[in-house]
Structures are given as structure tokens and as C-alpha cells.
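**Q** model this:
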Amino acid sequence: MSPVRRHLLVVDDEPHIGLLLRPHFERLGYVVSLARTLAEARRTLQGGDPPLDALLLDLHLPDGSGLDLLHELRAATATRALPVIVLTAEGEDRILRAAEGLGAALLTKPFSPSKLTARVAAMLGDAPPQPPPPASPVPQDPR
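**A** Predicted coordinates:
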């Protein structure tokens, strides 16, 4: 990974997704923000501190469609090129084609965190992050 810590925004209303992804990516050196609604995602995007490097976006959210947010991002100059991976259980081809047409990569649920990590690193042009080495065991006293 680059020396600069990458900032990811995970937008998903399923709490277990954030509980799984935040510690996983933070162990790899990323900064992770979570949003469970479009409104929360928009607030985070407007705050921009630290600026976002990528967005992991669910399509089905309690206050609307992730596709709507993706349209907004692509219409705004500041976020037009923001890398987005759509994380979805959606199976309707029309919706998936729309997301791809807006420049988003797709990853269907369920997914493995390691596969997502590799996709994020590739999308950002980073080397695949390596997990931190496990803590060395404390030597036993030979007495």
C-alpha cells in the first residue's frame, strides 16, 4: 500500500458488513468510514476530511438506491472519477449494467474480505496490502 493511508467509505445498511470490513481494512492500514443510509453517505462525502479514495456501495439502502448516489457522484466534477465498488446481492441484469455503465466495479454478496481487499488495492493502483505480522510470542522462562 502507498505511504499515504487510504480512506474508504463503506455504505451498507447491514451492520455486520461494517463490523466485518472496518476492522479488516483498518488492520491493513486503511482509514474506514461507515454509512448506513444515503443521507449519512452524502454527509461524509461533503465533509471530505480526510478526502475519500474509494467508495464501497450497497445498492439497496433504507432511504433509496445506491444507484442514485452513483449518478450524483458521476455528475459532480469533484467525484466523477472516485473509484466505486458496488457490493450487492442484486441479481437484476439491468441494474447491474447500470452500475457498470456508471464506472463502478461489481462484487456480489456474499464475498470474501480478501477478494474485496485485492479489488480495492487494484482499483487504487496499490500493491496488495499485507496483513501486519502476528505478534511474536513471549519467550517462556526456562526455569
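**Q** how far away is the closest residue to residue 12 other than its chain neighbours from residue 88?
**A** In this structure, residue 12 finds its nearest non-sequential neighbour in residue 58, 4.1 Å apart by CB to CB, 6 or more residues apart in numbering. Quick note: C-beta positions are derived from backbone N, CA and C, even for glycine. For residue 58, the distance to residue 88 (CB to CB, to the nearest Å) stands at 6 Å.
**Q** now do the shared contacts for these two.
**A** Common contacts of residue 58 and residue 88 (CB atoms under 8 Å, 6 or more residues apart in numbering): residue 66.
**Q** tell me the SS of the residue positioned nearest the centre of the chain?
**A** Closest residue to the average C-alpha location of the chain: residue 56 at 3.1 Å, with CA atoms, centre = their mean. Classification of residue 56 using DSSP: H, G, I helix; E, B strand; the rest coil returns strand.
**Q** verify the stated contact: it with residue 8.
**A** Yes. Counting by CB atoms under 8 Å, residue 8 is a contact partner of residue 56 at 6.2 Å.
**Q** need the overlap of contacts for these two.
**A** Residues touching both residue 56 and residue 8 (CB under 8 Å, 6+ apart): residue 120.
**Q** ok, back up a step: which residues touch the residue nearest to residue 12?
**A** Listed by CB under 8 Å, 6+ apart, the contact set of residue 58 reads 11-14, 17, 66, 86-88.
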